[in-house]
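*Asks:* requesting a structural model of the entry that follows:
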Amino acid sequence: MEIALILCLAFSILAVVYVYVGYPILVAICARCFGRNRTPVVLTDDELPAISVLIAAYNEEAEIEARILNLLALDHPRVKCEILIASDGSSDRTNAIVREYADHGVRLLDFPERRGKSSVLNDAFQVVSHDIVVLSDANTQMDPGSLRSMASWFQDARIGVVCGRLVLTDPRTGRNVDSLYWKFETFLKKAESRLGALLGSNGGIYAIRKELFQPIPANTIVDDFVIPLQARQRTGCEIVYDRNAVACEETPERIRSEFHRRTRIGAGGFQSIGLLRGLLHPKHGWICFTFWSHKVLRWLCPFFLMTAFAANVFLASQPIFLALLLVQIAFYAVSGAAAWLPARPRSLRFLRLGTMFTSMNLALLFGFFRWLRGSQKAAWTRTARSTEFATIVEQPIAAAS
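*Replies:* Numbering: from 1, shown residues only. As a prediction, the model looks like this:
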């Protein structure tokens, strides 16, 4: 029994260390030894493909006009850029604001009943005009050259999805406030992209070939993860990371909002395993390696941490394990206390790393139980996917030639 507890403790600790330390080092080495840097061909205006920009929105009256103006100002020929705002049963002025820009080529897809983003995307993809579709959010702002940069990648027929770079900004100052966690995630995306094993996309900015999109279940929680990998699983297309295609998004002002967001993503992660389980087979090579290491094992970290703590409690009669238990208790205590530390002095900010680690794993645990109970989908009003639209702006947009 004691040996079994020691093995459980050792395995759990090593699993967590691998996910957060071992894997980043390993994937960086593999990317350097076996990966390749890729850059798209620079295209002239005449050579650029036509694209459709699709944004699903729900009650975004505070953001939608600024978003439309941002899209209209992007450096891509207007005659080759279709803008669609798919309104998911908005009850505020979102639809009225979008209609004001109909003369500028902005097209409203007005869905009267709120069903959730997945259902909206399924329907909207049936009416987009162009072969390249850029998906984004109502609360992001793209850099001027982002569309041009992403569109250029599709000259390579092997590339099916292009993931842009999402930059987090302070809602009050507008400054870049990418956290250590987000920088860590961006580092992993770069390495995985070099290996041809990038996992999913940033929902605020990514592009996909229309022909590769396959309708997703109406209750899909993390569509920006499932849609690209579903295309990869079905067709073997490549997913690349474009650091020059940049979108900025404000961070939540309240910690509770960020925790709820991570809980939702956690529930979506567990849900996605069933949808994308084929990619976990070794025949998929590097993407099998990154999916297991970056996602599945990380999503299981809350259970590794709980197993390590429980096993440690039963072994505490021995001095070495008692010391280890006290270290664990101290770590969690400091992590909880650090959440209440002021922003200054900066020398204490390193203590927040423990807070970030603990809160992220707690959110994953909450997300697991939400997924298990099926309660996460309660955030949406689920109905059967419909192909009938109540309102599609009267002026149809011709398909790309």
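*Asks:* can you show me the strands along the stretch 101-250 of the chain?
*Replies:* Secondary structure of the stretch 101-250 of the chain (DSSP state E, counting those that start in this stretch): strands at 106-111, 132-136, 140-142, 159-169, 205-209, 238-250.
*Asks:* surely residue 107 meets residue 82?
*Replies:* Yes - using C-beta atoms under 8 Å, residue 107 makes contact with residue 82 at a distance of 6.8 Å. (Each C-beta comes from the backbone N, C-alpha and C, glycine too.)
*Asks:* dump the strands of the stretch 101-250 of the chain to CSV, plus distance to residue 69.
*Replies:* Formatted as CSV, these follow (distance: least, C-beta to C-beta, whole Å):
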stretch, distance to residue 69
strand 106-111, 10
strand 132-136, 14
strand 140-142, 10
strand 159-169, 17
strand 205-209, 17
strand 238-250, 14
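*Asks:* could those go into TSV alongside distance to residue 152 and mean pLDDT?
*Replies:* Shown next, in TSV, are the strands of the stretch 101-250 of the chain (distance: least, C-beta to C-beta, whole Å; pLDDT from 0 to 100):
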stretch	distance to residue 152	mean pLDDT
strand 106-111	24	97
strand 132-136	10	98
strand 140-142	15	95
strand 159-169	9	92
strand 205-209	10	98
strand 238-250	9	94
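*Asks:* now for the ones you listed, which one comes closest to residue 14?
*Replies:* Checking the strands of the stretch 101-250 of the chain against residue 14 by C-beta to C-beta gives strand 238-250 as the closest, at 29.2 Å.
*Asks:* all helices of this structure, in order?
*Replies:* Along the chain, counting by DSSP state H, helices occupy 2-17, 23-34, 64-72, 94-99, 117-124, 146-153, 180-194, 223-235, 255-275, 286-290, 297-299, 301-314, 319-338, 352-373.
*Asks:* what's next to the first one, contact-wise?
*Replies:* In other words, helix 2-17. 297, 300-301, 304-305, 307-308, 311-312, 314-315, 321 (C-beta atoms under 8 Å, 6 or more residues apart in numbering).
*Asks:* buried residues in it?
*Replies:* For helix 2-17, a neighbour-count test (16 or more other C-beta atoms under 10 Å) marks 5, 8-9, 12-13, 15-16 as buried.
*Asks:* equivalent analysis for the second one, please.
*Replies:* Of all the residues in helix 23-34, those buried under the rule 16+ other C-beta under 10 Å are 23-24, 27-28, 30-31.
*Asks:* likewise for the longest one?
*Replies:* Buried residues in helix 352-373, counted by 16+ other C-beta under 10 Å: 352, 354-355, 357-368, 370-371.
*Asks:* please name every helix or strand in contact with it.
*Replies:* Packed against helix 352-373 by the contact rule (3 or more C-beta pairs under 8 Å, 6 or more residues apart in numbering; DSSP states H and E) you find helix 180-194, helix 255-275, helix 297-299, helix 301-314, helix 319-338.
*Asks:* save the strands of the stretch 101-250 of the chain as CSV, and put in distance to residue 260 and mean neighbour count too.
*Replies:* Shown next, in CSV, are the strands of the stretch 101-250 of the chain (distance: least, C-beta to C-beta, whole Å; neighbours: other C-beta atoms under 10 Å):
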stretch, distance to residue 260, mean neighbour count
strand 106-111, 25, 22
strand 132-136, 22, 25
strand 140-142, 19, 23
strand 159-169, 17, 22
strand 205-209, 22, 25
strand 238-250, 16, 20
